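[1] turn this into a structure:
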Amino acid sequence: MVLRSLTAALGLLVSVGLNLSPTAAWANQRPASAQARPAASGTAAASATKASSTQAAKAANAVKATGQSSAAGNTAKAKTKTQGASCMNNTKQLQLAWTIYADENDARIARVTITDWNSGGNAGTWAVQWCGGTMNPARATATNPVPITSAQLFPYSKSLAIYRCPADRSQAFGEARVRSVASSQAFYASAQPLGAAYQHFTRTTEITAPSETWTFLDENPATINDASLAVSMTPPAATSATIIDSPAGYHNNASGFAFADGHSEIHRWNSFLTCNAASAGVTSSEPGFVADSKWLTSVTSRLR
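    Now for the predicted structure:
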């Protein structure tokens, strides 16, 4: 009888949907503050998630900025490399024109003079040298292509673009100057500007070391005038040196060169001063500068 009554009571409790599990019973007995904790814990989790998302966004932005900076650096390097390759191509084409001219003129080298260095010359002087005019920014020939196109070498290349390095940004009268290259005064025999002790060449057959004799280079926009680069020859034992006309440093302190054997190269200088002089006639005892001057001397000419 007692067992039957207990069974009936249990059935009644189940029918009204009460849960008699220990956990449910404990939860029903908790104070209100304790029952609110799960909601507070959820808010903290949401805040932590938001903070984590913010940090992730910041990290993503930092990675993006780093990537953009790296991309910009890679673009600049690629541009410099492209300009260097283009510069070498220019000097190589000039050298080819120089070689063809000599082949067709009994090995005679296209003349190098210093007649136009200040005034810019005239039609008479332009026609009798490899390239005429001056790049002095105060002279009209700085932006006039005629002193180039009417000179000795142009008919063998027919390209004005190869006379200017693509990295040269110098101007005159608000326009790009037409030339950034110069030839060697070793080919100006009449006045022997290198000094009587050094060889000067009028024919290609006189050049005994063509792979070590430069013919064209990029000249510093601060010193370029006529179509020749003046070199102060520096003896091997010298501890100081003077560079009259400065090479250009368009390619990260390096200059484009062409040599008498037909090859072109980009030569890097030891000293920043060598290719970034603000004016002509710089003298220094800085070791890198002296080493640069000795190298330039060695590829310009040799003692008789």
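
[2] can you show me the strands along the stretch 51-200 of the chain?
    Ranges of strands within the stretch 51-200 of the chain are 171-172, 175-176, 181-184, based on DSSP state E, counting those that start in this stretch.

[3] just those: most buried one?
    Neighbour counts averaged per stretch over the strands of the stretch 51-200 of the chain are highest for strand 181-184, at a mean of 26; criterion: mean count of other C-beta atoms under 10 Å. From N, CA and C alone the C-beta is placed, and that goes for glycine too.

[4] what's that one packed up against?
    In this structure, strand 181-184 packs against helix 37-104, strand 214-218, strand 228-229, with contacts taken as 3 or more C-beta pairs under 8 Å, 6 or more residues apart in numbering; DSSP states H and E.

[5] and those, which one averages the lowest pLDDT?
    Out of those, helix 37-104 stands lowest, with a mean of 70 (criterion: mean pLDDT).

[6] where does this structure dip in pLDDT?
    1-54, 56-80 (pLDDT under 70).

[7] could you pull out the helices in it for me?
    2-15, 22-29, 32-35, 37-104, 123-126, 146-149, 272-275, 287-298 (DSSP state H).

[8] helices or strands up against the fifth one?
    In this case it means helix 123-126. Judged by 3+ C-beta pairs under 8 Å, 6+ apart, helix 123-126 is in contact with helix 146-149.

[9] ok, the last one next?
    With contacts defined as 3+ C-beta pairs under 8 Å, 6+ apart, the packing partners of helix 287-298 are strand 241-243, helix 272-275.

[10] how close does the residue nearest to A140 when sequence neighbours are not counted get to N89?
    With sequence-adjacent residues excluded and distances taken as C-beta to C-beta, 6 or more residues apart in numbering, A140 is closest to G120, at 6.7 Å. Taking C-beta to C-beta, to the nearest Å as the measure, G120 falls 28 Å from N89.

[11] which one's more surrounded, those two?
    G120 (23 against 14; other C-beta atoms under 10 Å).

[12] give me the number of residues near Q199?
    Neighbours of Q199 using other C-beta under 10 Å come to 17.

[13] with A97 instead?
    22.

[14] what's the answer for D106, then?
    9.

[15] which ones are touching it?
    R203 (C-beta atoms under 8 Å, 6 or more residues apart in numbering).

[16] going forward, the N-terminal residue is numbered 210.
    Fine by me, first position is 210 from now on; the one you just mentioned is D315.

[17] gap between it and S510?
    Distance from D315 to S510, by C-beta to C-beta: 22 Å.

[18] go on, A447?
    For A447, the distance to S510 - C-beta to C-beta - is 16 Å.
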